[in-house]
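In: For reference, the sequence and a predicted model appear below.
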Amino acid sequence: MKFLSAATLLLTAPVISAASFPSIFDPSQTTLKTSERQFPVAGDNPLEFCQDPANHILKIKSVDLSPNPPEPGKTLIIKASGTLGERIEKGATVNLEVKWGLISLIHQTVDLCDQLKNVDMECPLEPGDMILTKEVELPKQIPPGKYSVLADVYDKDQKQVTCLKADDIQFHL
C-alpha cells in the first residue's frame, strides 16, 4: 500500500543508523512516553495513533506484524491496509523520532516521497484503498532494549496525513 510506508518507516526506524538533525515538529504533538494505548491501530501490532485519527488524510484500517514483537536477525513481515483520502505529492514530510530508552537516536524531518523508494513506491500517491505487504530483514545487531518511535506525516500543505507512535518496542538478545 503506497502510503502505509509511514507504518513501515515507523516499525523499521530503530534499524536506521543513528542521526540527529534539526526538525520542525508540531508543538502540540504528543511526546514519546509510556502511556496506555488511547487510540490503538487495529491489528497485531504495537502501534497507536498520536491522537484521534478522525481528521487524518490516511485512514489506516489495520497493520499486522509477524513476528510481533519484531526480532533482531529475523524477517519482519508487515501487512497493512487503509484508504488515502487525498492525493499526496512531492513536498510531503515525515517527522521521525526514535528513542532507545531515554537516548534520542533519531530526530529528523525527511521527505516522504524520497523515502517511498525504500519500499518500492513513488509519488504522487493517488486517493483510494491500498494494501501493503512488505518484508524487512532486521539486522542481528539491533541493541537490546526498549525503543519508542514517532512518525508524524504531513502533506505538502502541512495537512496531517497520519501520526503513529509505538512506545514500547522491545528487542532482546
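Out: It's in. Quick caveat, the model's predicted, so the values are computed rather than measured.

In: longest single strand anywhere in the chain?
Out: In the chain, with assignment by DSSP state E, the single longest strand is strand 160-171.

In: Alpha carbons of that one, in CSV - could you do that?
Out: Listed next in CSV are the C-alpha coordinates belonging to strand 160-171 (Å, rounded to 0.1, in the frame of the first residue of the first chain):
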residue,chain,number,x,y,z
GLN,A,160,-1.8,15.9,8.7
VAL,A,161,-1.8,12.6,6.8
THR,A,162,-1.4,10.4,9.9
CYS,A,163,0.6,10.2,13.1
LEU,A,164,1.7,6.9,14.5
LYS,A,165,3.7,6.0,17.6
ALA,A,166,4.9,3.0,19.4
ASP,A,167,6.1,3.5,23.0
ASP,A,168,7.2,0.0,23.8
ILE,A,169,9.1,-1.8,21.1
GLN,A,170,11.4,-4.2,22.8
PHE,A,171,14.4,-6.1,21.3
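
In: How far does it sit from its chain's centre?
Out: Distance, stretch centre to chain centre, for strand 160-171: 6 Å (CA atoms, centre = their mean, to the nearest Å).

In: which element follows the lowest-mean-pLDDT helix or strand in the chain toward the C-terminus?
Out: Between all helices and strands in the chain, the lowest mean by mean pLDDT, DSSP states H and E belongs to helix 5-12, at a mean of 50. Moving toward the C-terminus from helix 5-12, the next helix or strand (DSSP states H and E) is strand 48-49.

In: where does this structure dip in pLDDT?
Out: Along the chain, the parts satisfying pLDDT under 70 run over 1-36.

In: Chain neighbours aside, what residue packs nearest to residue 123?
Out: Distances taken as CB to CB, 6 or more residues apart in numbering put residue 113 closest to residue 123, at 3.7 Å, once the chain neighbours are dropped. Every residue, glycine included, has its C-beta placed from N, CA and C.

In: can you give me how far the one helix or strand that neighbour maps to is from the chain middle?
Out: If you go by DSSP H and E, residue 113 is part of helix 112-116. Remark: helix 112-116 is offset 13 Å from the chain centroid, using CA atoms, centre = their mean.

In: Now it: buried residues?
Out: Neighbour counts over helix 112-116 (16 or more other CB atoms under 10 Å) mark 112-113, 115-116 as buried.

In: partners of the longest strand of the chain in the sheet?
Out: When pairing is defined by DSSP bridges, strand 160-171 lines up against strand 48-49 (antiparallel), strand 145-154 (antiparallel).
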